[in-house]
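Undergrad: just to be clear, the model below is a prediction. Sequence and coordinates:
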Amino acid sequence: MSDSNHKEIEGLQPLVLFTTDQIAVKEFADNLVRLGFSEKLALSGGVAKAIDWVKNHPVPSLLFVDIDTESSPLEALADLASICGPACNIVPFGTKQNVDLYRALLANGMFDYLAKPIPLDMLASTIQGSEKGAREESLTGRTIAVTGSSGGTGVTLVSVGLAKLLSEKRHLMTSLVDFDRKNGNAALMLGHEGDAGLAGALSADVIDTRLLRRSIGKTDERLFMVAQQPDFYAQKLEESVQVLELGGCLCRMFNQVVWDLPAAKPYGSLEVLLHAQTRIIVTDFTVTDARNTLRLLKELGDESSGQRILLVHNDARNIGKPVITQKAFEDFIGRKIDVTLPNVGVKINASLLEGKVSFASSPELEVPLLKLADLACGRTPDVDHKKSSNLFQRIIDALKPNKNPSLTFRRH
């Protein structure tokens, strides 16, 4: 039983969260459950609703409140703080990313301010910081680690797709690390030639940020590549500290750092997975992949520390009818598949003949990949592709010429 659940049983209120977005209530509730709290702690409303709630319930040690609908947030939060008292840490959140607002909120006694969207790891670090009595000083960037349950599941394609979409569609400064030092091909897919800083960083006694910045490759305006020339004789790492130092250095340079980790799990891969804010496992519906996925899930543990786990089914092998059904797979591993990717191998390979990989001709792959990118960053995914397609088709059908004579307009 988790400590948070134990607190609730004793009648204490560890935290409560209010959001003015009705859709976001369920999302926050799901994230609180992942962190070991009750879904009932996520409530609908803003500062006024929070004030009414505190008047009729024990004051929580931590209170998150949405201020997007407040015309005078500082005044409203002052009223809330006067009721809660100094023992309650108040964390307002909203869509504004304004330094002056942030400073004003801290000066007026707020514990912290979070900008939407709030990913699971940021929510967790704020809760942990409140428990320690201090704001968590964290790195600027976030790590997204992608690996496969077995070879051939398309980990590199997923990693490259995520990096491209985060940089191009979400306009985030992104770095992609190809950790396959013997046969890496992420650089090939991004049209980058030559070394891209990985070998030098892993062999250096101390990683110099300025030197790393000059050695890594730039493949687009907001997308950078960290890799090395494929080398069959690449020496095995003796310690994982270089890998973690590289990851920390990249998180100080970029918003999102995507790691392409081979399914063979070379030394250092598990350390990256264990420390990443988002861990993505790419798998297929086979008996071997089911077993390996379960093993990996047991190694990674749950999401109570704020580290999100996402399962991706990729039909990379194009085996047609799966060996086992999706339900049987999910029942065996005890988790649901989060995103399903179709097989588009021919189209992707054809785009490589022209240079960089392109998803322009494969919207059936780009749409679920963008959903995965949003989930990995804690952002609410856009409208489901199938629903959008059905709506679009209904519009097309409505505009088609009417062939029923009885429903045809006549000119008089």
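TA: Received it, and whenever you're ready, just let me know what you need. Numbers count the residues shown, from 1 in each chain.
Undergrad: so what's residue 88 up against?
TA: Counting by Cβ atoms under 8 Å, 6 or more residues apart in numbering, residue 88 touches 59-63, 81. C-beta coordinates here come from the backbone N, C-alpha and C atoms, glycine included.
Undergrad: max pairwise distance over the residues you listed: which two?
TA: Pairwise distances across the contacts of residue 88 peak at 14.0 Å for 61 and 81 (criterion: Cβ to Cβ).
Undergrad: quick revisit: need the buried ones from the contacts of residue 88 selected in PyMOL.
TA: In PyMOL syntax, the buried subset of the contacts of residue 88 is picked out as below (16 or more other Cβ atoms under 10 Å):
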select buried, resi 60+61+62+63+81
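Undergrad: among the contacts of residue 88, which are in strands?
TA: Using DSSP state E, the members of the contacts of residue 88 that fall within strands are 62-63.
Undergrad: any chance of the contacts of residue 88 in CSV, plus distance to residue 219 and pLDDT?
TA: Formatted as CSV, the contacts of residue 88 follow (distance: Cβ to Cβ, whole Å; pLDDT from 0 to 100):
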residue, distance to residue 219, pLDDT
59, 51, 89
60, 47, 92
61, 46, 91
62, 42, 95
63, 44, 97
81, 48, 92
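Undergrad: could you pull out the strands for the stretch 301-412 of the chain?
TA: Listed in chain order, the strands of the stretch 301-412 of the chain (DSSP state E, counting those that start in this stretch) span residues 308-314, 339-341.
Undergrad: try the stretch 151-300 of the chain
TA: 174-178, 217-218, 223-226, 256-260, 278-283.
Undergrad: could those strands go into TSV alongside distance to residue 49 and mean neighbour count?
TA: Shown next, in TSV, are the strands of the stretch 151-300 of the chain (distance: least, Cβ to Cβ, whole Å; neighbours: other Cβ atoms under 10 Å):
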stretch	distance to residue 49	mean neighbour count
strand 174-178	37	29
strand 217-218	48	16
strand 223-226	42	25
strand 256-260	34	29
strand 278-283	31	27
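Undergrad: how about those, which one is nearest residue 329?
TA: strand 278-283 (8.0 Å).
Undergrad: between the closest one and strand 256-260, how big is the angle?
TA: 30 degrees (axes from the mean of the first three to the mean of the last three Cα atoms, to 10 degrees).
Undergrad: what's strand 278-283 packed up against?
TA: On a contact count with 3 or more Cβ pairs under 8 Å, 6 or more residues apart in numbering; DSSP states H and E, strand 278-283 meets strand 142-148, helix 155-168, helix 287-300, strand 308-314, helix 363-377.
Undergrad: coming back round to it: residue 115: which of the strands of the stretch 151-300 of the chain is closest?
TA: Nearest to residue 115, of all the strands of the stretch 151-300 of the chain, is strand 256-260, at 15.4 Å by Cβ to Cβ.
Undergrad: using PDB, write down the CA coordinates of the closest one.
TA: The C-alpha coordinates for strand 256-260 follow below in PDB (Å, rounded to 0.1, in the frame of the first residue of the first chain):
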ATOM      1  CA  GLN A 256      13.000  17.200 -25.400                       C
ATOM      2  CA  VAL A 257      15.700  14.500 -25.600                       C
ATOM      3  CA  VAL A 258      14.600  11.400 -27.500                       C
ATOM      4  CA  TRP A 259      16.800   8.300 -27.000                       C
ATOM      5  CA  ASP A 260      16.800   5.500 -29.600                       C
END
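Undergrad: who does that strand pair up with?
TA: Within its sheet, strand 256-260 is paired with strand 142-148 (parallel), strand 174-178 (parallel), according to DSSP bridges.
Undergrad: and the angle from that strand to helix 363-377?
TA: Going by the same axes, to 10 degrees, strand 256-260 makes 120 degrees with helix 363-377.
Undergrad: so, low pLDDT: which residues of the stretch 51-200 of the chain?
TA: 134-140 (pLDDT under 70).
Undergrad: which residue ranges of it form helices?
TA: 73-84, 99-107, 120-132, 155-168, 186-189, 198-203 (DSSP state H, counting those that start in this stretch).
Undergrad: can you say which of the strands of the stretch 301-412 of the chain is nearest to residue 148?
TA: Closest among the strands of the stretch 301-412 of the chain, once you apply Cβ to Cβ, is strand 308-314, at 8.5 Å.
Undergrad: dump the strands of the stretch 151-300 of the chain to a markdown table, plus distance to residue 192.
TA: Shown next, in a markdown table, are the strands of the stretch 151-300 of the chain (distance: least, Cβ to Cβ, whole Å):
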| stretch | distance to residue 192 |
| --- | --- |
| strand 174-178 | 10 |
| strand 217-218 | 5 |
| strand 223-226 | 5 |
| strand 256-260 | 13 |
| strand 278-283 | 22 |
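Undergrad: show me what the closest residue to residue 110 other than its chain neighbours bridges to in the sheet.
TA: In space, and not counting its chain neighbours, residue 110 is closest to residue 90: 5.4 Å by Cβ to Cβ, 6 or more residues apart in numbering. Beta-bridge partners for residue 90, by DSSP bridges, are residue 63.
Undergrad: the helices of the stretch 51-200 of the chain: which one's closest to residue 278?
TA: helix 120-132 (7.6 Å).
Undergrad: packing partners for the closest one?
TA: When contacts are defined as 3+ Cβ pairs under 8 Å, 6+ apart, helix 120-132 packs onto helix 22-34, strand 62-66, strand 89-94, strand 114-115.
Undergrad: still on that earlier bit, would you mind finding the most buried of the strands of the stretch 301-412 of the chain?
TA: strand 308-314 (a mean of 21; mean count of other Cβ atoms under 10 Å).
Undergrad: coming back round to it: deepest of the helices and strands packed on helix 120-132, which one?
TA: strand 62-66 (a mean of 25).
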